[in-house]
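Novice: Sequence plus the predicted model coming up.
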Amino acid sequence: GAGVSQSPSNKVTEKGKDVELRCDPISGHTALYWYRQRLGQGLEFLIYFQGNSAPDKSGLPSDRFSAERTGESVSTLTIQRTQQEDSAVYLCASRPTSGKYNEQFFGPGTRLTVL
Amino acid sequence: EDQVTQSPEALRLQEGESSSLNCSYTVSGLRGLFWYRQDPGKGPEFLFTLYSAGEEKEKERLKATLTKKESFLHITAPKPEDSATYLCAVQVGGGSQGNLIFGKGTKLSVKP
């Protein structure tokens, strides 16, 4: 079946502009995660959605970052007033609720460049 | 503070030259350790999950092992197509349900 998809694959924006990144999880996966990967750094957790529960926003670096997800469908990550330090690859992952393992399936990522 | 450290940062091998990658962790309440492979321009691809000390998992030329303080990813007779960045991640108790803490990865290059 189809994997996790993300769009756009690349985004170049000017400092101060808002950007919106999209993630389509694997169908039936109730859990969805956003991570940020800066050059030479490990993946950094941003936010976690589980079904209709309140999201865990503990990883969001500032109030310029927000994310939404309706039910078990598409999620969007919005960065307002982008800064150069926001440049990174933003990765989305999903996993099914059931099962013992926390195997997260990742999308290809969106490479964000803030000029 | 929960922490994951991978070493070496980069590893160059000749085809057929076996070696090991290390992932050491200091966490409160390990609920699982995960290995991922990441190719350039792609998202991480799941390889293994280990849950308890002494556990081992194998897949083709890769074998992952786990102790109470670290995990090893052993690569036997690697091929050029094994070249990638290998990421280690841990899931810890008491934190967010299911988010993983990642190391910075080991970039493996296998030359023919």
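Specialist: Sure, I can see it. Numbering: from 1, shown residues only, chains lettered A, B, ... in the order given.
Novice: Quick check: residues of chain A near chain B?
Specialist: A:4, A:31, A:33, A:35, A:40-45, A:48, A:50, A:56, A:58-59, A:91, A:93, A:95, A:101-109 (CB under 8 Å from any CB of the partner chain). In short, each C-beta sits where N, CA and C put it, glycine included.
Novice: what are the bridge partners for the residue of chain A found nearest chain B, then?
Specialist: The minimum distance from chain A to chain B, using CB to the nearest CB, falls at A:Phe106 (3.3 Å). Per DSSP bridges, the residues bridged to A:Phe106 are A:Ala93.
Novice: which residues does A:Lys57 contact?
Specialist: A:Ile47, A:Ala67 (CB atoms under 8 Å, 6 or more residues apart in numbering or on different chains).
Novice: One more: A:Ser62?
Specialist: A:Ser62 neighbours (CB under 8 Å, 6+ apart): none.
Novice: State whether it is indeed within a strand.
Specialist: No - if the criterion is DSSP: H, G, I helix; E, B strand; the rest coil, then A:Ser62 is coil and not within a strand.
Novice: measure it to A:Glu68 for me?
Specialist: 17 Å (CB to CB, to the nearest Å).
Novice: And for A:Pro96?
Specialist: Taking CB to CB, one finds A:Pro96 at 21 Å from A:Glu68.
Novice: next one: A:Thr13
Specialist: From A:Thr13 to A:Glu68 the distance is 20 Å (CB to CB).
Novice: Could you check which of the two has the larger neighbour count?
Specialist: A:Thr13 (16 against 13; other CB atoms under 10 Å in any protein chain shown).
Novice: hang on, that one packs against A:Leu115?
Specialist: Yes - counting by CB atoms under 8 Å, A:Leu115 is a contact partner of A:Thr13 at 7.1 Å.
Novice: quick one: the helix or strand harbouring B:Lys107 near chain A?
Specialist: B:Lys107 is part of strand B:106-111 when elements are defined by DSSP states H and E. No - using CB under 8 Å from any CB, strand B:106-111 stays clear of chain A, with a minimum separation of 10.0 Å.
Novice: That strand - which strands sit beside it in the sheet, and in what orientation?
Specialist: When DSSP bridges is applied, strand B:106-111 pairs with strand B:10-14 (parallel), strand B:84-92 (antiparallel).
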